[in-house]
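Student: Give me a 3D structure for the following:
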Amino acid sequence: MILTYQKTVITCGNCEAIEKSALLTWSVITNTKVKKTSVTIIIKKHIALSEQQKSN
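Tutor: A predicted model of the protein is given here:
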């Protein structure tokens, strides 16, 4: 499953790398593309919103 989220808080390449690194710690995420305006993730299964919010 491929999901794309709009992001407005990523302001530099370092922030992109930090975001990507944090996302890849989730076992259900197999790949991710982080840009200044969006984040695209490829996941093995759906992640409930409540689980996503716990990690923030």
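Student: And the strands in this protein, which stretches?
Tutor: With strands called from DSSP state E, the chain shows them at 2-6, 29-34, 38-43.
Student: can you list these in TSV and add distance to L49 and mean pLDDT?
Tutor: C-beta: built from backbone N, CA, C; applies to glycine. Below are the strands of the chain laid out as TSV (distance: least, C-beta to C-beta, whole Å; pLDDT from 0 to 100):
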stretch	distance to L49	mean pLDDT
strand 2-6	12	82
strand 29-34	15	89
strand 38-43	13	87
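Student: Indicate which one of those strands is closest to G13.
Tutor: For G13, the closest of these is strand 29-34, at 9.7 Å, according to C-beta to C-beta.
Student: buried stuff in that closest one?
Tutor: Neighbour counts over strand 29-34 (16 or more other C-beta atoms under 10 Å) mark 29, 32, 34 as buried.
Student: mind checking how far W26 is from L49?
Tutor: The spacing between W26 and L49, counted by C-beta to C-beta, to the nearest Å, is 14 Å.
Student: helices or strands up against the longest helix seen in the chain?
Tutor: In the chain, ranked by residue count with DSSP state H as the criterion, the top helix is helix 13-23. The helices and strands touching helix 13-23, judged by 3 or more C-beta pairs under 8 Å, 6 or more residues apart in numbering; DSSP states H and E, are strand 29-34, strand 38-43.
Student: Out of those strands, flag the one nearest K20.
Tutor: strand 29-34 (4.5 Å).
Student: Sheet partners, orientation included, of that closest one?
Tutor: Strand pairing for strand 29-34, using DSSP bridges, gives strand 38-43 (antiparallel).
Student: number of nearby residues for T37?
Tutor: Number of residues near T37 (other C-beta atoms under 10 Å) recorded here: 8.
Student: what sits against it?
Tutor: By C-beta atoms under 8 Å, 6 or more residues apart in numbering, the contact list for T37 reads 6-8, 10.
Student: right, and the helices and strands packed on helix 13-23 - which one's nearest I2?
Tutor: Closest to I2 of the helices and strands packed on helix 13-23, according to C-beta to C-beta: strand 38-43, at 5.4 Å.
Student: what angle sits between that closest one and strand 2-6?
Tutor: Relative orientation of strand 38-43 versus strand 2-6 (axes from the mean of the first three to the mean of the last three C-alpha atoms, to 10 degrees): 160 degrees.
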